[in-house]
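Engineer: Sequence first, predicted model second:
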Amino acid sequence: EAGVVQSPRYKIIEKKQPVAFWCNPISGHNTLYWYLQNLGQGPELLIRYENEEAVDDSQLPKDRFSAERLKGVDSTLKIQPAELGDSAVYLCASSKGQGSYEQYFGPGTRLTVT
Amino acid sequence: QKEVEQDPGPLSVPEGAIVSLNCTYSNSAFQYFMWYRQYSRKGPELLMYTYSSGNKEDGRFTAQVDKSSKYISLFIRDSQPSDSATYLCAMSVDSWGKLQFGAGTQVVVTP
């Protein structure tokens, strides 16, 4: 079974530039999560999707961050414009959905904003 | 104050020793408790899962949950150099929702 796929693995951009991250969850997984992990910290949830619907986006900074999950499969997370403080690892995870406790994480995208 | 507190370490132990990790939390609504292992430049992977209070054992790993004290633990017996990683505790109110992670404890097992 293929795992959660994320791209790119690394991204370096200048502040004020836009950036996008892509995630393809495990086949058949209805729930998709985007987490932010700062250095030396645990992941923090940004947004959770149930199929196409964003059911928890309370932690997503909506002034600069946006996300979509068209057709309920892969997902894109965008930042525009990026700030220096956005430098972090962006993790995507997926699970089978309600009643399934295990979240499978991708390797993450390491973003550096200069 | 964070909802989940975890000592970041690093925790250095000799090969074969028992590794003891723990987290405390403040939200009494948490019912699902997990331990994830994260190697450098990788995503977290689930090690242990416990619902509510009690103990759970899986091979060299034992997870304990004490809801009355809001305290969870992970023990690794007969530690190996391959156990060197960051261990993250995580917990949630429901099984499929938001996970609240601790900061992670870096463990180094020396040969």
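Structural biologist: Sure thing, it's come through. Residues are numbered from 1 along each chain as shown, chains lettered A, B, ... in the order given.
Engineer: Find me the pLDDT at residue A:76, would you?
Structural biologist: Residue A:76 carries a pLDDT value of 98.
Engineer: Up against chain B, what does chain A have?
Structural biologist: A:4, A:31, A:40-45, A:48, A:56, A:91, A:93, A:95, A:97-108, A:110 (Cβ under 8 Å from any Cβ of the partner chain). Yep, even glycine has a C-beta here, placed from its N, CA and C like the rest.
Engineer: Buried members of the residues you listed into PyMOL, please.
Structural biologist: A single PyMOL command selects the buried members of the residues of chain A next to chain B (16 or more other Cβ atoms under 10 Å in any protein chain shown):
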select buried, chain A and resi 4+31+41+42+43+44+45+48+91+93+95+101+103+104+105+106+107+108+110
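Engineer: Next, work out how far apart the closest residue to residue A:5 other than its chain neighbours and residue A:6 are.
Structural biologist: In space, and not counting its chain neighbours, residue A:5 is closest to residue A:24: 4.3 Å by Cβ to Cβ, 6 or more residues apart in numbering or on different chains. For residue A:24, the distance to residue A:6 equals 8 Å [Cβ to Cβ, to the nearest Å].
Engineer: who's more crowded, these two?
Structural biologist: It is residue A:6, of residue A:24 and residue A:6, that has more neighbours when counted by other Cβ atoms under 10 Å in any protein chain shown, with 23 against 18.
Engineer: Residue B:74 touches residue B:49, doesn't it?
Structural biologist: No. If you go by Cβ atoms under 8 Å, residue B:74 and residue B:49 don't touch, sitting 11.5 Å apart.
Engineer: Of these two, give the one with the bigger neighbour count.
Structural biologist: Taking neighbours as other Cβ under 10 Å, residue B:74 and residue B:49 compare with residue B:74 leading, 23 against 17.
Engineer: hmm, back to that, distance of the residue nearest to residue A:5 relative to residue A:50?
Structural biologist: When distances are taken as Cβ to Cβ, residue A:24 and residue A:50 turn out to be 17 Å apart.
Engineer: One more: residue A:13?
Structural biologist: 31 Å.
Engineer: hang on, residue B:12 packs against residue B:106?
Structural biologist: No. The pair formed by residue B:12 and residue B:106 falls short of the contact definition of Cβ under 8 Å, at 9.1 Å.
Engineer: With neighbour numbers in mind, choose between the two.
Structural biologist: residue B:106 (18 against 12).
Engineer: Mind telling me what element the more buried one is part of?
Structural biologist: If you go by DSSP states H and E, residue B:106 is part of strand B:105-110.
Engineer: partners of that strand, with directions?
Structural biologist: Strand B:105-110 has the following sheet partners, assigned by DSSP bridges: strand B:11-14 (parallel), strand B:85-92 (antiparallel).
Engineer: quick one on the thing from earlier: what sits in contact with each of residue B:74 and residue B:49?
Structural biologist: Shared contacts of residue B:74 and residue B:49, defined by Cβ atoms under 8 Å, 6 or more residues apart in numbering or on different chains, are found at residue B:63.
Engineer: Strands along chain A, start to end?
Structural biologist: A:5-7, A:10-13, A:19-24, A:31-37, A:44-50, A:53-56, A:65-68, A:75-79, A:88-95, A:104-105, A:109-113 (DSSP state E).
Engineer: The third one vs strand A:88-95, what angle?
Structural biologist: It stands for strand A:19-24. With axes from the mean of the first three to the mean of the last three Cα atoms, to 10 degrees applied, the angle from strand A:19-24 to strand A:88-95 works out at 20 degrees.
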